[in-house]
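Engineer: here is my input, please return the structure:
(chains A and B)
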Amino acid sequence: MLSAIIRRLIHMIAVLFGISVLVFLIFFATPGANPAARIAGRNASPQTIARVERQFGLNKPLPVQYGLMMKKLFITQNLTSFVNLGEKVVPQVFRAAPITLSLVTGAAVIWIGFAVLIGLLAAAFRDTLIDRILMILSLIGISMPVFWVATMANLITQGQFHHSWLFSWVPPLGYVPFNTSPLGWFKALIIPWFTLAILYIGLYARVLRAALIETMQEDYIRTARAKGLSERQVLMHHALRSAMIGIVTLFGLDFGALVGGGALLTEVVFGLQGIGYLTYQALETLDLPMILATVIYASVFVVMSNAVVDILYAVIDPRARQAR
Amino acid sequence: MTEVKQRPAQGYWALALRKLMRNRSAMISVLVLVLIVLSCLSAPWYAKYVSHTNPFQSNLSGTIMRHGHAVEVLGAADNPLKLGIEPIGPSGRLGPYMLGADQQGRDVAARLLYGGQNSLLISSIAAIITLILAGLTGIIAGFFGGFIDAAITWALDALWAFPVFLLAISLSVVLIAHGLDIGPLRLDASSLALPISIIGIIYVPYVARPIRATVLTLRQSEFVLAAIGIGASPWRIVWRDILPNVISTIIVFAPLIIALNLLTEAALSFLSIGVQAPAASWGTIIHDGESLIYTRPLVAIAPGLLIVVTVIALNILGDGLRDALDPRAKLRL
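Structural biologist: Numbers count the residues shown, from 1 in each chain, chains lettered A, B, ... in the order given. Prediction:
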C-alpha cells in the first residue's frame, strides 16, 4: 500500500516536471519572435524589452532560464505583469481561486445528482421509451458547446424574458462573494452551475447506464435476486455501488480539469472573475506572465488532484494497488 | 431432409459494413453530415447567386430593397435615443440577408456556409493528425515496451495532465501573435495550419492511451507470439498482425475526435485564438453574435445549432461504428 502511494507520488513529480518543461519551451523557446518581445506585451518600449531580457536571463543558457522562471513562479513569487505595470501576478491567481472553486463545486454537486438519477432511471427502464428519451437528452447535452449554452442562458434570463415573473430574480452578470451575501452568491451562480453541469450530466449518465447494465450481468447480482431482494434494492444497493467506482475516477479527473482552466468559457460568458477569466483577460492584452502563472498553477492543481484520485482509488479498490 | 443454405463467407469489413448499413440512426446521421458538407461546399455559389454580397467585406453604408422600401443594412438602433446601430434582421426567405447581418453588415447566412468550411476542414484534418500520431505512439510504446514505452508514456501523461484549454491557449497566444518560423517553414499568424496543428496535438494522449493498452494485450496474444517464434521481424509483425487489429479502433475514434475537435475549434475561435478575421468559422460567428445577442439573437443561435446538429450526427455515427467494428473501444473524454 505504502509503496503504491510512493510510486504514485514519484510519478506525479515526474509529470509535473514534464509539464513545467513543456510550458517553458512553449513560452521561451518557440521559434518565431524574440521571447522578450512576447513577454513584454504589445508595443513595448526597447527599455522594457531589455529589462525583460535581464530579469528572465534570456541571454543565458536554456536550463538557467528554466530555473529563473520556476524561481519567479514558486519561490519568490514576484513575477510581474508588463502590461499592467508592476502588478504581481501570483497573488492575483490566489484571489481568483475561490470564484472558480465556487463555480466548479456547485456544478459538480448538480451533475453528480442528476447523472446518477438519469443513469439509474435509464438502466432500470432499459430499452423502453424512457431510456431512449433520457439517452437522447444526454447525447444533446454532450454535443452543445458550453459557451453557446451560456450565451443562450443569458439571452433567456437577461434578455426580454428578464422582466417576466420567471426570471426577474436573476441578478446581473457577475460574482457575489459568499461572505457578502450567501443568497446573492447562490442566485449569481445557479445558472452558471447548471450551464457548466449539462455536459457532465450527459457524459456521466451515459457512462453510468453502461456500467450499470454491465454490472447487472454479474454473478453476485443473480445471488442478490435469488435471495429474494426486490429489483429496486438490487439496483440501488448492489449494482450502483460497483458501477459508481468508474464514476469516482472520472469525477476526480474532471473536477481537476475544470478548476485548472476547463471552466474558462463559462466564467467568461457569465463574467465570473475566476482563474479562467484572468487567463482570458491576459489573452486579450497578450499579458504572457499572467498566462504563464495561471497555466502553471492550474496544471499543478490538475496533476495533484489526479494523484489524490489514484491514491483514493487504491484505498477503495485493492485490485488497483498493483502497478499498472 | 431440409436443405442447408450455404451463405457465402464474409470478411470482417463486409460484415461490419452490413451491420452499419442496418443501423438506421447511423445512416440518418451520415445523410445529415453529407447534407451539411455539401451545403458548406456550396458557399461561393450561395454568396454569388443568392446573397449577392461578399461575406468577407464589411458593408457599412449599403442599402437593400425589402418590402418595396430601401432599408439600410446597418440602421439606427431601435431605442428611444437612437443610440448605436442595429444590423438588418432576418428576411425569412431565400435571398440577401436571409438570416440578417452582423455588426459589419455582412450576410450571416453566407458567412455560416464559409465558416462551416473552415470548421469542418480544421476538425477533420486535426482528427487525421491526432489519429496518425496517436496510432504511431500507441503502437510503438505498446509493442516495443521498455525504455521507449516509459519515455512515451511519460510524455503522454504530461500532455494529458495539462488542461486542454490552457495548453491550446498557451500555444495559440505564442503562435498567433507572431506566427511560427522554423527555418524554411514559415507560417503566417492567420494561417489555418496553426489551429489545425494545435487541435491536432492536444488530443493525442486521449487516443494513444487506449491504443497502447490494446497493443499491450495483442503483444501477448498467441498469433503474435507465434510470429515472433518463427522469426518474423518486428516491423512485419506490427504491419501484418498489430495494425489490422488496431485500425478498427482508430476508425471508431475518428468521428468522435472530429466532433470533439469541432467543439474545441469553436471554443478557440470564440476566444479569438482560432480562426482569425476576416475568415470565419462557426465559433467566430458566435463570437460576433454575442454582442448582438439581445437585438439580433439569430446571429449567435444559428452557428450554435449547426455545431450541435453536426456533433450529434458525428456522435451517433461513432456509436454505430463502434457497435459494428469494435464494441469494446472506449474513448475517455
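Engineer: roughly how far does residue B:222 sit from chain A?
Structural biologist: Distance from residue B:222 to chain A, counting by C-beta to the nearest C-beta, to the nearest Å: 23 Å. Every C-beta, even on glycine, is put in place using the N, C-alpha and C of the backbone.
Engineer: neighbours of that residue, how many?
Structural biologist: Residue B:222: 8 surrounding residues under other C-beta atoms under 10 Å in any protein chain shown.
Engineer: same check, this time on the one 4 residues further on
Structural biologist: Taking other C-beta under 10 Å as the neighbour definition, residue B:226 ends up with a count of 11.
Engineer: would you mind measuring from it to residue B:240?
Structural biologist: Using C-beta to C-beta, to the nearest Å, residue B:226 is found at 12 Å from residue B:240.
Engineer: which phi and psi does residue 74 have?
Structural biologist: Chain wasn't specified; assuming chain A. Here is the backbone geometry of residue A:74 (degrees, to the nearest 10): phi -110, psi -30.
Engineer: oops, wrong one, chain B.
Structural biologist: Main-chain dihedrals, residue B:74, degrees, to the nearest 10: phi -110, psi 90.
Engineer: go ahead and confirm it touches residue B:85.
Structural biologist: Yes - the pair residue B:74 / residue B:85 is scored as a contact, 4.8 Å apart, by C-beta atoms under 8 Å.
Engineer: which of these two has more residues huddled nearby?
Structural biologist: Taking neighbours as other C-beta under 10 Å, residue B:74 and residue B:85 compare with residue B:74 leading, 20 against 15.
Engineer: if I look at the more buried one, how far off is residue B:50?
Structural biologist: For residue B:74, the distance to residue B:50 equals 21 Å [C-beta to C-beta].
Engineer: got it, and residue A:14?
Structural biologist: With the distance defined as C-beta to C-beta, residue A:14 ends up 58 Å from residue B:50.
Engineer: overlap of the contact sets of residue B:74 and residue B:85?
Structural biologist: Taking C-beta atoms under 8 Å, 6 or more residues apart in numbering or on different chains as the criterion, residue B:74 and residue B:85 both touch residue B:103.
Engineer: pull the contacting residues for residue B:290.
Structural biologist: Residues near residue B:290 by C-beta under 8 Å, 6+ apart: A:151, A:269, B:300.
Engineer: and whichever residue of the stretch 51-200 of chain B sits closest to chain A, what does it touch?
Structural biologist: The nearest approach of the stretch 51-200 of chain B to chain A comes at residue B:158, 3.1 Å away (C-beta to the nearest C-beta). Residue B:158 sits next to A:15, A:18, A:19, A:22 when contact means C-beta under 8 Å, 6+ apart.
Engineer: which ones, among those residues, also lie beside chain B?
Structural biologist: Among the contacts of residue B:158, the ones lying near chain B by C-beta under 8 Å from any C-beta of the partner chain are A:15, A:18, A:19, A:22.
Engineer: looking at the chain, which helix or strand does the model trust least?
Structural biologist: Chain wasn't specified; assuming chain A. None of the helices or strands of chain A scores lower by mean pLDDT, DSSP states H and E than helix A:35-40, at a mean of 75.
Engineer: hm, I was asking about chain B
Structural biologist: Of all helical and strand segments in chain B, the minimum by mean pLDDT, DSSP H and E falls on strand B:180-182, at a mean of 63.
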